[in-house]
Every structure is written in structure tokens, then in C-alpha cells.
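In: sharing a model prediction with you, sequence too.
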Amino acid sequence: MTDLFQEPKDATPLEPQEREGLLQSWITHRNDLNEAEQENIVKGAAWVRGRRRMPVDRMLTEDFMRTLHRRMFGEVWQWAGNFRATERNIGIQAYRISVELAALLADVGYWIEHETFAADEIAIRFHHRLVAIHSFPNGNGRHARLAADLLVEKLNEEPFSWGSGSLGDVGELRMRYIAALRSADSHDIGPLLEFARS
């Protein structure tokens with residue numbers, strides 16, 4: 001895939017005004033964009049893992065979710081950390097993002113406090129709903145996977161393996177991940193739980 005803005009068919013396409021938010025002029029091909037985003041994500045993950053002592057209730061805030069996205073994509077995209085303002089092929093209506101995200105974060109806090117589910121299931125349900133809300137113009141799956149890893153670590157479990165490969169590549173692994181998300185959309189969380197630890 002060499003076209004800079006060509007996405008896999010199940011990915012979130014960028015709107016023309018969002019494409020203008022590209023910060024690095026050297027990025028001219030899709031491989032360049034993938035490389036720049038991956039480098040930024042590594043830096044974002046290192047930043048957040050340097051805050052191991054942050055309590056889980058601080059993590060479960062809109063501010064933290066925005067900051068995490070900004071740290072993951074802010075060297076590549078001007079709009080990193082800002083909620084999307086347009087409708088997409090996936091996700092809720094843009095005007096509902098803040099309300100739905102607040103409800104999700106409150107639910108996760110309740111699940112943890114009342115031990116509603118095991119740690120893995122709490123983190124995977126969190127991941128699934130973050131993806132379903134689709135708060136940002138792009139990077140939602142990667143953001144949700146890192147957020148779920150951080151949460152499960154806060155709950156004293158190992159981070160997920162997510163199929164032990166790259167989910168950005170079009171192929172069998174990504175198809176399994178998308179199928180597991182769709183099962184969760186139909187209230188069957190089992191395949192996503194299994195995939196996350198595969």
C-alpha cells in the first residue's frame with residue numbers, strides 16, 4: 001500500500017481536513033506514515049509506562065484518554081488528542097463522544113470496585129467500548145489496545161499479546177481481530193478475550 005491515505009477496507013478513513021493535519025512533510029507514502037506513527041506510539045507508551053504509580057481512577061478520565069492519544073500520535077497529527085467532529089463508518093455520532101466516554105469510564109470504575117468481572121474481562125470490555133465509541137479521527141484501535149494494556153497492568157495482570165503480531169497489516173491476524181470485535185458487538189466477548197491472550 002503506497003498511497004499515503006489509502007486505508008484497509010475496515011479502517012477509519014480520514015476526512016480531507018484531517019489529512020491536512022499531517023505535521024511531517026517528509027511523509028509521502030503509506031509506509032512513511034506507518035513508520036512515523038509507530039515511532040510516536042512507542043514514545044507514547046514509554047511516557048505512560050513512566051507513570052506506573054498513577055492511580056487507576058486518574059487513568060479513567062477523559063483528560064487522560066485525550067492525553068494518551070496525543071502522546072501516541074501528536075508528533076504526526078495536529079488533531080491528536082482531539083475528539084473527532086465528523087461522522088465515520090464506525091463509532092457513535094460525534095456529538096455523543098464525551099457523554100459515552102464518561103459513561104464507559106464510570107462503568108469501568110464500578111466494575112473494578114465491585115469486582116464485576118475478572119481483570120482481563122474488565123480490560124477487554126473497556127477496549128471494546130473504546131473502539132465502539134471511536135473518539136478520535138484515527139488511531140482508535142491502537143489507542144484502545146494500549147489503554148486496555150495499561151488497565152490490565154493496573155489490575156495486576158500481564159499486558160495482552162493481541163495475537164502476537166501487527167494488527168496494522170491487512171491479513172489473517174487483523175481479520176481475526178475484526179471478527180472478535182464484531183462478536184463483542186453482538187454481546188459475545190469470548191472471542192475478543194481469547195484473541196487478546198493469543
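Out: Ah, there it is.
In: quick check: which ranges of this protein have low pLDDT?
Out: Within the chain, the stretches with pLDDT under 70 are 1-4, 6-12, 169.
In: which residues of it fall in strands?
Out: Using DSSP state E, no strands are assigned anywhere in the chain.
In: nearest residue to Glu18 other than its sequence neighbours?
Out: Excluding the flanking residues, the one nearest Glu18 by C-beta to C-beta, 6 or more residues apart in numbering is Pro137, at 4.7 Å. Just so you know, the C-beta spots here come from the backbone N, C-alpha and C atoms, and that holds for glycine as well.
In: output the longest helix belonging to this structure.
Out: Assignment by DSSP state H gives helix 30-49 as the longest helix of the chain.
In: ok, His55 - how many residues close by?
Out: Rather than His, residue 55 is Pro. Pro55: 8 surrounding residues under other C-beta atoms under 10 Å.
In: and if you look at Thr61?
Out: Neighbours of Thr61 under the rule other C-beta under 10 Å: 14.
In: residue contacts, it?
Out: Neighbouring residues of Thr61 by C-beta atoms under 8 Å, 6 or more residues apart in numbering: Leu105.
In: for it, phi and psi?
Out: phi -130, psi 150 (degrees, to the nearest 10).
In: in the longest helix of the chain, what counts as buried?
Out: By neighbour count with 16 or more other C-beta atoms under 10 Å, helix 30-49 contains the buried residues Leu33, Ala36, Glu37, Asn40, Ile41, Gly44, Ala45, Val48.
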